[in-house]
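*Asks:* Predicted model, plus sequence, below.
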Amino acid sequence: MSFSPVENLREKTKVAVQRFIEDNSLVFCELEESLYCVFTANDLKKFLKEKGLKQSGSKPELIERLINHDRLMAEKLVSNYKIMKCSAQALNFLDEFKENRKNALNLAKKRSFEFLLKGCVEDAFMELLKYKKEYLDCYDSQANHSYEDEIEKINFVISSSPKVLGKISQNQLDNLRAATCMSILWYYDELSESWLPDDFETHLSSNTVAINYLKCNAEMRKNLANCQKYTDKVKLTFSKVDVDSCGLCKKLKNQVFDLKNFPELPLENCTSQTGCKCEIEEVYDEQDTIECENVLSALTEVGNLELFTKLSQLKKLFDNDLITEEEYQQKKTEILSRL
Ligand SMILES: [Zn+2]
């Protein structure tokens, strides 16, 4: 069998093979098959030459000639080998398993889509998990994967309705959201477009653009929400290697926004096919600089529990040029010395 019994059945190869033999999944090969596995064509020609027989023909022909000449001798040649193969019964079982797995996957995808349509994100995830547990060998190695990141991403998509999509009915929006989430939930093994109804249409040039815009909007909202934990002012920058962003959205470059006035991205008249996304940088104003002083003085009085948070705050101050490298290193050493 081609899969590794050790890895997938959590039993030793020897034990697994014995079990397969007992339940008739593994059977001994015919003489022809054994000769075929053990010897090369050249080996076979050598045997034929020793017997003064013709050495031309394909490998199966050489084997047939050898057996026809002296079956006992041929049997002796492979008597030291135990060559086994999957029985017809085992092959059937594998085919059936693969068929069942395929059906289960389709069903799980369909069900998760239905849940996503209704906005039930956790139920949709349960469908993925149930399928993985039942059918995927790699389930164990991913058991520690909590899907927090994916759930967060999907929750933002499920709650996005950017103006850039134009006039769109609630029903259409539900469909677009659920379809967009499918590729996140099923790890890009799934094309979002294929989950949209055949007659789905927006004013945009294609459904792919609509999906891209929704994804982009969700991602920007997610990044903003994370920024909110640290600051209320952000600056927009675009990556140097960004070739997708449109001129309209790029006009926002280096502008500073209060989080509550942050423009919705992609902008309503965005022309980028992928949806313009910028990078959001936290901005600290004077008020923050005063706060920075407070953090620095607080740093000298914190207990171990808070050290990690304080260290990351310190790093953030340094990253935003609010303290010098020297100050940063000094405070860091100070904090770490108390661990
Ligand atoms: Zn744009």
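*Replies:* That came in fine, so what should we check first? Residues are numbered from 1 along each chain as shown.
*Asks:* Can you verify my assumption that Leu259 contacts Asp232?
*Replies:* Yes - using C-beta atoms under 8 Å, Leu259 is in contact with Asp232, at 4.9 Å. C-beta coordinates here come from the backbone N, C-alpha and C atoms, glycine included.
*Asks:* what does the protein have sitting close to the ion?
*Replies:* If contacts are counted using C-beta under 5 Å from the ion, the residues of the chain sitting beside the ion are 246, 249, 266, 270, 272, 276.
*Asks:* rerun that using 8 Å as the cut-off
*Replies:* 245-250, 265-267, 269-272, 275-276 (C-beta under 8 Å from the ion).
*Asks:* who wins for neighbours among those residues?
*Replies:* Of all the residues of the chain next to the ion, the highest neighbour tally under other C-beta atoms under 10 Å goes to Pro266, namely 29 neighbours.
*Asks:* so where's the stretch 151-300 of the chain uncertain?
*Replies:* Counting by pLDDT under 70, the stretch 151-300 of the chain contains low-confidence residues at 188, 284-300.
*Asks:* so where do the strands sit in it?
*Replies:* Taking DSSP state E, counting those that start in this stretch as the criterion, the stretch 151-300 of the chain contains strands spanning 233-237, 256-258, 279-282.
*Asks:* Indicate which one of the ones you listed is closest to Asp189.
*Replies:* Using C-beta to C-beta as the criterion, the shortest distance between Asp189 and the strands of the stretch 151-300 of the chain is 28.3 Å, found for strand 279-282.
*Asks:* mind listing what's buried in that closest one?
*Replies:* Across strand 279-282, burial judged by 16 or more other C-beta atoms under 10 Å covers 280-282.
*Asks:* Tell me the one among the residues you listed nearest to the ion.
*Replies:* Checking the buried residues of strand 279-282 against the ion by C-beta to the ion gives Ile280 as the nearest, at 15.3 Å.
*Asks:* For beta bridges, what are the partners of that closest one?
*Replies:* For Ile280, the residues forming beta bridges with it (DSSP bridges) are Leu236.
*Asks:* Test my guess that it contacts Ala225.
*Replies:* No - between Ile280 and Ala225 there is no contact under C-beta under 8 Å: 10.5 Å.
*Asks:* So which of the residues of the chain next to the ion sit within helices?
*Replies:* Here DSSP state H is the test, and those give 247-250 as lying in helices.
*Asks:* element containing whichever residue of the stretch 1-150 of the chain sits closest to the ion?
*Replies:* Using C-beta to the ion, the single residue of the stretch 1-150 of the chain nearest to the ion is Asp149, 25.7 Å away. In this assignment (DSSP states H and E), Asp149 forms part of helix 148-158.
*Asks:* Now do the buried residues in that helix.
*Replies:* Neighbour-count burial for helix 148-158, with 16+ other C-beta under 10 Å as criterion, is recorded at 150-151, 153-158.
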